[in-house]
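Participant: just need the structure, nothing else, for what follows:
(chains A and B)
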Amino acid sequence: MAIMVYNTMTRKKEEFIPREPGKAGIYFCGITPYDFAHIGNARPPVVWDVIRRFLRARGYQVFMVQNITDVDDKIIRRAQQEGRPPLELAADYARIYMEDLAALGVEEADVHPKVSEHIPEIIQMVAGLLEKGHAYTVDGDVYFAVESFPDYGKLSGRSLDEMLAGARVEVDERKKHPMDFALWKAAKPGEPAWESPWGQGRPGWHIECSAMSLKYLGPGFDFHGGGTDLIFPHHENELAQSEAYTGSKPSVRYWLHSGFITTGGDKMSKSLGNIITIRELFKDFPPQVVRFWLLGTHYRNPLNIGRQELEAAERGLERLETAWNNWRHLLTQEAGGGAENGAGRIRELAAESRERFIAAMEDDFNTAAALGVLYELVREVNKWSLAPGFTLNAAAKEGLQEAVAVLEEGGEILGLRFGKAQAAAAGLGDEEIEAMLARREEARREKNFRLADEIREKLKAHGVIIEDTPQGPRWRRG
RNA sequence: GGCGGCAUAGCCAAGUGGUAAGGCAGAGGUCUGCAAAACCUCCAUCCCCAGUUCGAAUCUGGGUGCCGCCUCCA
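Facilitator: Numbers count the residues shown, from 1 in each chain, chains lettered A, B, ... in the order given. Below you'll find the predicted structure:
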C-alpha cells in the first residue's frame, strides 16, 4: 500500500511519491533557543522521529535535518538582559533542548545546522534574490518583494489583498509592499553582526531555513514540517524565498504541520504565560510516558495536556509493557508436550496485526489507530496464553514469538522500547531471582505463606514483581 | 474584520457512505493462600436543524460552540 500524507499545500491526503525512489529527505523547524523548551516544542520532534522511524522501517533511506535558529531578536534581547553573549546563551539552551529530546527517545537528526554557522550561504541567497529582482535594499536592510512572486500566499491559502485587509501591523513606509519581509537586517549597536555586501548586519527570520534546507537537501525535497503556527508567515515566506531563488518549484513536495498542545483548551505559549516546560513535566511523568501520551492522538489534532490524560497514558503504556514482559517470560520457559492449543490462530492474528499496524501508519502516520491494533493483539494473546487449558508447547512458543515480534516492531517504530529501561535498571541477576523464586515456591508448597510473602516483598524492593499463574509463578522487572 | 480547523461515552481517542476500534476510569463476575496480572460481562447512535441517499458520525446547506492563523510563537 501507498503511504498517504496530508499536505498543507493542497489540504488533502496525497500519496507519498519521493523525489528519489527509496529515499526521503526531511527538514523540520527546530527551535529558537532562548529559554527552556516547553512541551509544545516537543511535539514536532517526536512526530518527525516517528515518521522517520516508520519510513525507515518501510525501506526508505531517510535523511533528516532539524535546524537551530540561534540568531534571533528574542535571543538577543534575552542575552542583553542577562549580560551574556547571545550565541553562548543560544548554545546553552539548544543543548538543554537536545537533552530533553534525547530523554523522549528522539534520535538526533542527521544534521542540525545553526544559523550562525551558515552566514555565507545566507548572504549568497540574499544576493541571488537581489540579482533576480525579488528583493531590494533600504538603509542596509534587504527586503523580499512579495509582489515579485505571484505564488505568494499559496501555502497558507490567502491572497495579498486578504492579508492587507486583516493586517494588524503598522506599515513600515520604507517597504514597497506592507507584506514585504526582511531577508537581512542592518546591525544595531550591541547586536551580533556579520559583514555583508549591504554592510554589517544579520539574517532575517525566514531566510535561514531556505538557505540551510537547500544546502543539505537541495531543491524539491520531500517533507517539511513544524507546528501549524509556522504556516504563516514563516513557511509561506520560506517557500517564496526558495522558489524565487532557485526558479524551480515545488521547493518542498509535502508540507506537514502538527497541531498544538493546549492547556485548558488554550494554545500553550509564552505570551499567554501558560507554558509547561519539558523538564517540569518529567518531574511528574517519565519521558516514555510523555512520548506515549503524545502519540495517543493523531499529530494534526490539537492535544490538551492534563494530569488525567497523562495518567491514563501511563496506565495504558504499562499494559503494553506488562504484556511484553509476560510473553517474553513465557518464552524463557521449557516447552512441554500437549495438544494443539490455538497457536495457529495466534500466528495468523500476529500477521494480521502487523499488517493493520502498518496500514494505520501509512494513513498519514495515524499512531493512535496503530496503538489500537497493538492493544487488540495484547488482549487476544493474553486471553489465549492465560486460559486454564493453555499448554506451552513448541507451537505455542512460535505463536508467542510472533506476537512478541509484532509488539517489538511496533514499539521500535513508535520509539517505545518495551522493557529495555527496566532491564537496565534492575540490580538483581536472573539467576539470583530464579533462586529466590524457587525458595518461595518451596515455602508455598509447605504453606509457609509468611516466608513466601517475605520473599515476594524482598524481590519487589529490588524492582522485581512476582505474579502467580496457573502455570506457576512468573516475574518481571517493573 | 479576513482565512482556516475542530465538535464522537465520565475522560482520552480512531473511524470520511454500509450500520460506532482502542485506552483510562466505573460496576459486576472469574481466577487466586494472599497479592498481582489477566480474562469475561455491562457502559455512546456520533453538537443542533434541514437535505441528498436504499443507507450518513461520515456528503450538502444553515445554525450553535470552541480553537488557531492574520504580531514573536512548535
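
Participant: and the stretch 1-150 of chain A, which residues reach RNA strand B?
Facilitator: Residues of the stretch 1-150 of chain A lying close to RNA strand B (C-beta under 7 Å from any atom of the strand) are A:11, A:29, A:31-32, A:38, A:40-41, A:43-44, A:73-74. Using the backbone N, CA and C atoms, a C-beta is placed for each residue, glycine as well.

Participant: quick check: residue A:461 vs RNA strand B, distance?
Facilitator: 14 Å (C-beta to the nearest atom of the strand, to the nearest Å).

Participant: ok, now which ones touch that residue?
Facilitator: Going by C-beta atoms under 8 Å, 6 or more residues apart in numbering, residue A:461 touches no other residue.

Participant: among the residues of the stretch 1-150 of chain A next to RNA strand B, name the ones in strands.
Facilitator: Counting by DSSP state E, these place A:29, A:31 in strands.

Participant: could you dump the residues of the stretch 1-150 of chain A next to RNA strand B to JSON lines with pLDDT and neighbour count?
Facilitator: Shown next, in JSON lines, are these (pLDDT from 0 to 100; neighbours: other C-beta atoms under 10 Å):
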{"residue": "A:11", "pLDDT": "88", "neighbour count": "8"}
{"residue": "A:29", "pLDDT": "91", "neighbour count": "21"}
{"residue": "A:31", "pLDDT": "91", "neighbour count": "24"}
{"residue": "A:32", "pLDDT": "93", "neighbour count": "21"}
{"residue": "A:38", "pLDDT": "94", "neighbour count": "22"}
{"residue": "A:40", "pLDDT": "93", "neighbour count": "25"}
{"residue": "A:41", "pLDDT": "94", "neighbour count": "22"}
{"residue": "A:43", "pLDDT": "95", "neighbour count": "20"}
{"residue": "A:44", "pLDDT": "95", "neighbour count": "22"}
{"residue": "A:73", "pLDDT": "91", "neighbour count": "13"}
{"residue": "A:74", "pLDDT": "92", "neighbour count": "15"}
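
Participant: what's the neighbour count on residue A:17?
Facilitator: Neighbour count for residue A:17, taken as other C-beta atoms under 10 Å: 11.

Participant: mind checking pLDDT for the closest residue to RNA strand B within the stretch 201-350 of chain A?
Facilitator: The nearest approach of the stretch 201-350 of chain A to RNA strand B comes at residue A:227, 2.2 Å away (C-beta to the nearest atom of the strand). In this model, residue A:227 is scored at 93, pLDDT.

Participant: I'd like to know how many residues surround it.
Facilitator: Burial of residue A:227 is recorded as 20 neighbouring residues (other C-beta under 10 Å).

Participant: quick one: it from residue A:233, how far?
Facilitator: Distance, residue A:227 to residue A:233, by C-beta to C-beta, to the nearest Å: 13 Å.

Participant: so where's the stretch 1-150 of chain A uncertain?
Facilitator: Counting by pLDDT under 70, the stretch 1-150 of chain A contains low-confidence residues at A:1.

Participant: neighbouring contacts of the helix or strand hosting residue A:283?
Facilitator: Using DSSP states H and E, the element containing residue A:283 is helix A:278-284. Here helix A:278-284 makes contact (C-beta under 8 Å, 6+ apart) with A:36-39, A:41-42, A:100, A:103-104, A:290, A:307, A:310.

Participant: so which of those residues comes closest to RNA strand B?
Facilitator: Of all these, residue A:41 has the smallest distance to RNA strand B: 4.4 Å, by C-beta to the nearest atom of the strand.

Participant: what segments of the stretch 151-300 of chain A are strands?
Facilitator: Under the criterion DSSP state E, counting those that start in this stretch, strands of the stretch 151-300 of chain A are mapped to A:181-186, A:201-203, A:221-227, A:252-258, A:261-263, A:266-267.

Participant: next up, the contacts around residue A:123.
Facilitator: Residue A:123 makes contacts with A:184, A:194, A:196-197, as judged by C-beta under 8 Å, 6+ apart.

Participant: per-residue pLDDT, residue A:427?
Facilitator: Confidence at residue A:427, expressed as pLDDT, is 68.

Participant: what does residue A:461 give?
Facilitator: Listed pLDDT for residue A:461 reads 87.

Participant: that one and residue A:374, how far apart?
Facilitator: Relative to residue A:374, and taking C-beta to C-beta, residue A:461 is found at 31 Å.

Participant: ok, residue A:210 next?
Facilitator: For residue A:210, the distance to residue A:374 (C-beta to C-beta) stands at 40 Å.

Participant: next: residue A:313.
Facilitator: Distance, residue A:313 to residue A:374, by C-beta to C-beta: 14 Å.

Participant: same question for residue A:174.
Facilitator: Using C-beta to C-beta, residue A:174 is found at 58 Å from residue A:374.

Participant: with neighbour numbers in mind, choose between the two.
Facilitator: Set residue A:174 next to residue A:374 and count neighbours by other C-beta under 10 Å: residue A:374 wins out with 23 against 11.

Participant: isn't that one right next to residue A:319, touching?
Facilitator: No. Here residue A:374 does not reach residue A:319: they are 9.7 Å apart, not a contact under C-beta atoms under 8 Å.

Participant: tell me if I'm right that residue A:249 and residue A:151 touch.
Facilitator: Yes. Taking C-beta under 8 Å as the definition, residue A:249 is a contact partner of residue A:151 at 7.4 Å.

Participant: who's in contact with the nearest residue to residue A:244 once chain neighbours are set aside?
Facilitator: Spatially, and ignoring its direct neighbours in sequence, residue A:244 is nearest to residue A:134 (4.3 Å; C-beta to C-beta, 6 or more residues apart in numbering). By C-beta under 8 Å, 6+ apart, the contact set of residue A:134 is A:144-145, A:148-149, A:241, A:244-245.

Participant: intersection of neighbour lists for residue A:249 and residue A:151?
Facilitator: With C-beta under 8 Å, 6+ apart, residue A:249 and residue A:151 have common neighbours residue A:243.
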